[in-house]
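> build the 3D model from these lines:
(2 chains)
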Amino acid sequence: MDRIIYLDNAATTKTAPEVVEAMLPFFSEKYGNPSSVYGIAGDSKKAVTDARETIAKSLGAQTNEIYFTAGGSEADNWALIAAAEAYGEKGKHIITSAIEHHAVLNTCEYLEKRGYEVTYVGVDEHGALKLNELRRAIRPDTILISVMFANNEIGTLQPVKQIGEIAKEHGILFHTDAVQAYGQLPISVDEYHIDMLSASGHKLNGPKGIGFLYIRKGVKIRSFVHGGQQERGRRAGTENVAGIVGLGKAVERAYRIMKEKTEKEIQLRDYLIRRIMQEISYTRLNGDARNRLPNNANFSFQFIEGESLLIMLDMKGICASSGSACTSGSLDPSHVLLAIGLPHEIAHGSLRLTLSDETTKEDIDFTVDVIKETVAKLRNMSPLYEDFIKSTR
Amino acid sequence: MYSEKVMDHFSNPRNVGEIENASGVGTVGNAKCGDIMRMYLDIDEDGVIKDCKFKTFGCGAAVATSSMATELVRGKTVQEALQVTNKAVMEALDGLPPVKVHCSLLAEEAIHAALWDYAEKNHIVIDGLEKPKSDIHEEEEDEEY
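From the prediction side, this is the model:
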């Protein structure tokens, strides 16, 4: 297969050439430790400072509010565990949503085993957090609300501004996992009353293994990695200088091209959704039709199973993902699809396609044609479809 | 993650379809867990399986094990078909990833279900055939947890 159509940009993205170029000198020439005193160390230190400034500026934050981590999962773990510890005397109740990434959900489970109580607020059929349910979940001992900015599977944007206002009104910390949204959508931490925000480099054409946690000044949060004075003593360890430089460059690039990229992706995404919904029967669009990430489309094709579909798409050079149980190694399909109310068998037949700024209309047309053919082939093989057709005769 | 044979049987599945007025039909699995297999058997008066077809809703491994199972029972007698175990199906496919072993159990169970249906329709008893379980996952969960 010569041609690869990469439509799994929510999983990871291609590192942009300008990002790679910016990183390279920090491996072989400017390899100094930012904590050292000599010339090449100064170059490293300045590069880290510059990247921190770029990121802080993008969020409307201060540079001393940005802490580099090894990625989004670490940032989520840090935010939840350290906040739980720091505010544990005030209370032991945390509120999150039913559709969080496992980096948040499994950290909540970890905290539950250590005496914290967690309320998982539900979402509506489009995947948006139920604000009334959130309000009702708040208790005097609630110390943290953690809700993602946009969902990684179905792309639904959460009512972050309202959540931030509710949290502020009650004096509760607000953390948002913005791993999917950061770099795709403008985010202002002040406007949305965000106290902590997690982000990851490789989702925005930066390198893997680097991310950051924004922590608002004044939030009492403890060190996550103990050791040296890096990251103001809160996250010790010699900085991943090349990674940080790459992340800084990726953020600069993402903000530079954001408007144009978003417009292009929305146009192609809506074209993709229109074609799939019009040309393949017994299909549903998962997530909100409009209020979703610019590059995300998620469908459920009735009567077929997602992993089969993915393998057949892969044979044609198309990279996608699914919420099917078979792709997760468990018997249950995606918790997100179940949370929006899909029955198991429909959740098993889901397909997520996430575009990039390099995706073309030609790619989409080819992909839709292959999906049509593949869904028909799998339905022809499916006993569920056979039963359905017989029942309609 | 899959062997070449699994990929071959998944991308070119053998014997997909239905048999009208089949001697026996068996459906196992459930949509909740993401896999359902249906086997159709055409068995002649001498108890030889003349034809075998399948329909499967499931992952790549579920399709490949169904396809291989139909190949293995075709031309065999009912008694011989009973010896087509999940192990035999897996071996014929050059193995399956550990998380997909239940697919081969489902294939074995689907053959048994079709044979059970055949026996019931003809009021006969097939030695060594037990009433198949409709849902393989319940048993699996009991074993695992």
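
> C-alpha only now, for contacts and for neighbours.
OK.

> next up, phi/psi of residue 124, please.
Answering for chain A, as no chain was given. With angles defined as degrees, to the nearest 10, A:Asp124 sits at phi -80, psi -180.

> that one: what's it in contact with?
Contacts here follow CA atoms under 8 Å, 6 or more residues apart in numbering or on different chains; on that basis A:Asp124 touches A:Lys130, A:Ile340.

> now it: how far from chain B?
From A:Asp124 over to chain B the distance is 22 Å, taken as CA to the nearest CA, to the nearest Å.

> cool, and A:Val147?
28 Å.

> now swap in A:Ile95 and tell me
Separation of A:Ile95 from chain B (CA to the nearest CA): 29 Å.

> repeat that for A:Thr15.
Taking CA to the nearest CA, one finds A:Thr15 at 26 Å from chain B.

> then A:Lys372?
Taking CA to the nearest CA, one finds A:Lys372 at 16 Å from chain B.

> quick one: secondary structure of that residue?
helix (DSSP: H, G, I helix; E, B strand; the rest coil).

> neighbours of it, how many?
Neighbourhood size, A:Lys372 [other CA atoms under 10 Å in any protein chain shown]: 14.

> how far does stretch A:300-308 sit from the chain's center?
24 Å (CA atoms, centre = their mean, to the nearest Å).

> likewise for stretch A:201-217?
With CA atoms, centre = their mean as the basis, stretch A:201-217 stands 11 Å off its chain's centre.

> what comes up buried for it?
A:201-216 (16 or more other CA atoms under 10 Å in any protein chain shown).

> please apply the same query to stretch A:354-367.
Using 16+ other CA under 10 Å as the test for burial, stretch A:354-367 gives A:Thr354, A:Leu355, A:Ser356, A:Asp357, A:Thr359, A:Asp363, A:Ile364, A:Thr367.

> most widely separated two among the residues you listed?
Greatest spacing in these, by CA to CA: A:Asp357 and A:Thr367 (16.2 Å).

> which bits of chain A sit near chain B?
A:303-308, A:311-312, A:324-326, A:329, A:331-332, A:343-345, A:348, A:378, A:380-384 (CA under 8 Å from any CA of the partner chain).

> and of the buried residues of stretch A:354-367, the nearest to chain B?
Nearest to chain B among these, counting by CA to the nearest CA, is A:Thr367 at 18.0 Å.

> could I have the CA atoms of the helix or strand of chain A with the lowest mean pLDDT written out in CSV?
Scoring the helices and strands of chain A by mean pLDDT, DSSP states H and E places helix A:344-347 at the bottom, with a mean of 91. Output of helix A:344-347 as CSV, limited to C-alpha atoms (Å, rounded to 0.1, in the frame of the first residue of the first chain):
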residue,chain,number,x,y,z
HIS,A,344,-23.7,-2.0,23.2
GLU,A,345,-24.2,-3.5,19.7
ILE,A,346,-24.3,0.0,18.2
ALA,A,347,-21.3,1.2,20.2
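
> what's the offset of that helix from the middle of its chain?
Offset of helix A:344-347 from its chain centre (CA atoms, centre = their mean): 23 Å.

> name the helices or strands packed onto that helix?
Under the contact definition 3 or more CA pairs under 8 Å, 6 or more residues apart in numbering or on different chains; DSSP states H and E, helix A:344-347 sits against strand A:296-301, helix A:335-339.

> can you pull the residues of chain B lying near chain A?
B:11, B:16-17, B:31-38, B:54-60, B:99.

> and these, which of them are buried?
Buried, going by 16+ other CA under 10 Å: B:11, B:16-17, B:31-38, B:54-60, out of the residues of chain B next to chain A.

> nearest residue to residue 80 in space, please, no chain neighbours.
Picked chain A for this. Excluding the flanking residues, the one nearest A:Leu80 by CA to CA, 6 or more residues apart in numbering or on different chains is A:Thr107, at 7.1 Å.

> switch to chain B, that's the one I care about
Leaving aside its sequence neighbours, B:Glu80 sits nearest to B:Val73 (CA to CA, 6+ apart; 7.8 Å).

> give me the distance between that neighbour and chain A.
Distance of B:Val73 to chain A, computed by CA to the nearest CA: 19 Å.

> ok, A:Tyr214 touching A:Thr69?
No. Using CA atoms under 8 Å as the test, A:Tyr214 is too far from A:Thr69 to be in contact (10.2 Å).

> what's the mean pLDDT across stretch B:87-96?
Stretch B:87-96 carries an average pLDDT of 94.

> buried residues in it?
Across stretch B:87-96, burial judged by 16+ other CA under 10 Å covers B:Ala88, B:Val89, B:Met90, B:Ala92, B:Leu93, B:Gly95, B:Leu96.

> for the helix or strand where B:Leu115 lies, name the packing helices and strands.
Using DSSP states H and E, B:Leu115 falls within helix B:101-121. In terms of contacts (3+ CA pairs under 8 Å, 6+ apart), helix B:101-121 is packed against strand B:24-30, strand B:35-43, helix B:60-73, helix B:78-82, helix B:86-92, helix B:136-144.

> what do you get if the cut-off is 6 Å, keeping everything else the same?
Judged by 3 or more CA pairs under 6 Å, 6 or more residues apart in numbering or on different chains; DSSP states H and E, helix B:101-121 is in contact with strand B:24-30, helix B:60-73, helix B:86-92.

> which residues touch the last one?
Helix B:86-92 has contacts (CA atoms under 6 Å, 6 or more residues apart in numbering or on different chains) with B:Ser104, B:Leu105, B:Glu108.

> rerun that using 7 Å as the cut-off
For helix B:86-92, the surrounding residues in contact (CA atoms under 7 Å, 6 or more residues apart in numbering or on different chains) are B:Thr65, B:Met68, B:Ala69, B:Leu96, B:Ser104, B:Leu105, B:Ala107, B:Glu108.
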